[in-house]
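> Let's see this in three dimensions:
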Amino acid sequence: MKGNLLTLVAIAALAIALAVSLLCPAQSAAYASRGFLFDESSVVRGSGDVSIKGSFHDTSVDSKGWMKGSGSISFESLRNLNKVGKKVDFTQKSDLVFDGGLLKNRKSLNLPLFEKGIGAAVAERFNLSHVDKSESSVIRSMSRFNNTMDYNTSLAFEGLWNIKNMRGWSLRMNRSKEQYSGSFQTQKKISFDDTSA
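Here you go, the predicted structure:
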């Protein structure tokens, strides 16, 4: 009898939850579309030791990186992540001027849901004694069928700069890699878009 009572209570609770979702669709939709916003900006100018780390991890967006060194730096940055339900908008912008020492970095942007889960990524690494750099990146993910990533950078530098982009994670992935060592000026744009596929 005790088992029957517990079963009846569980069925009643399930029926109430179902009735609430059917009778109050606005509340159910509001719950499904809940999200969050993260917004961060910073301005740094001066000389000395530099150590910066940051990351975002989500099923549809993954971004991580670090930068460290010693010298004279002017750095302005903005990071913004806006998520509502399954929609994700991620934006990064930065302006960097560094001189008089050595600055290293490594970072990556990943779009795991690109082309139904094949994935896409952009990765950068540098080891520089001087750099004047402006960069922006935007990632938008709506579902496994609607994803974009745009990466734009413009820089003048002395040292080693390496950038690569990849589509897919298997041995048959498509990839491109560039590396420059010396004194260069360059502009690079990379776009992934599966919205028309």
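> so where does the residue lying closest to Ser136 once chain neighbours are set aside fall, helix or strand?
Computed as Cβ to Cβ, 6 or more residues apart in numbering, the closest residue to Ser136 that is not its neighbour in sequence is Lys93, at 4.6 Å. All C-beta atoms are positioned from the backbone trio N, CA, C, and that covers glycine. Using DSSP states H and E, Lys93 sits within strand 87-111.
> Tell me which stretches of this protein form strands.
35-57, 62-84, 87-111, 120-143, 146-167, 174-193 (DSSP state E).
> Specify the beta-bridge partners of the residue positioned nearest the centre of the chain.
The chain has Ser63 as the residue nearest its centroid, 3.7 Å off, counting by Cα atoms, centre = their mean. Counting by DSSP bridges, Ser63 forms beta bridges with Phe56, Leu109.
> For it, list the residues it contacts.
Shown in contact with Ser63 (Cβ atoms under 8 Å, 6 or more residues apart in numbering): 54-56, 90, 92, 107-110, 139.
> cool, Met173 as well?
Applying Cβ under 8 Å, 6+ apart to Met173 gives the contacts 166-167.
> just to revisit the earlier point, pLDDT value on the residue nearest to the centre of the chain, please?
Per-residue pLDDT puts Ser63 at 91.
> before we move on, back to that, now the strand holding Lys93, how far from the chain's geometric center?
Chain-centre distance of strand 87-111: 11 Å, with Cα atoms, centre = their mean, to the nearest Å.
> what does the average pLDDT come to for stretch 43-55?
93.
> same thing with stretch 119-127?
On average, stretch 119-127 scores 95.
> How far off centre is that stretch?
The answer for stretch 119-127 is 12 Å, by Cα atoms, centre = their mean.
> do stretch 52-61 as well
For stretch 52-61, the distance to the chain centre is 6 Å (Cα atoms, centre = their mean).
> Could you do stretch 189-197 as well?
15 Å.
> How about stretch 169-180?
19 Å.
> Flag every buried residue along that stretch.
Neighbour counts over stretch 169-180 (16 or more other Cβ atoms under 10 Å) mark no residue as buried.
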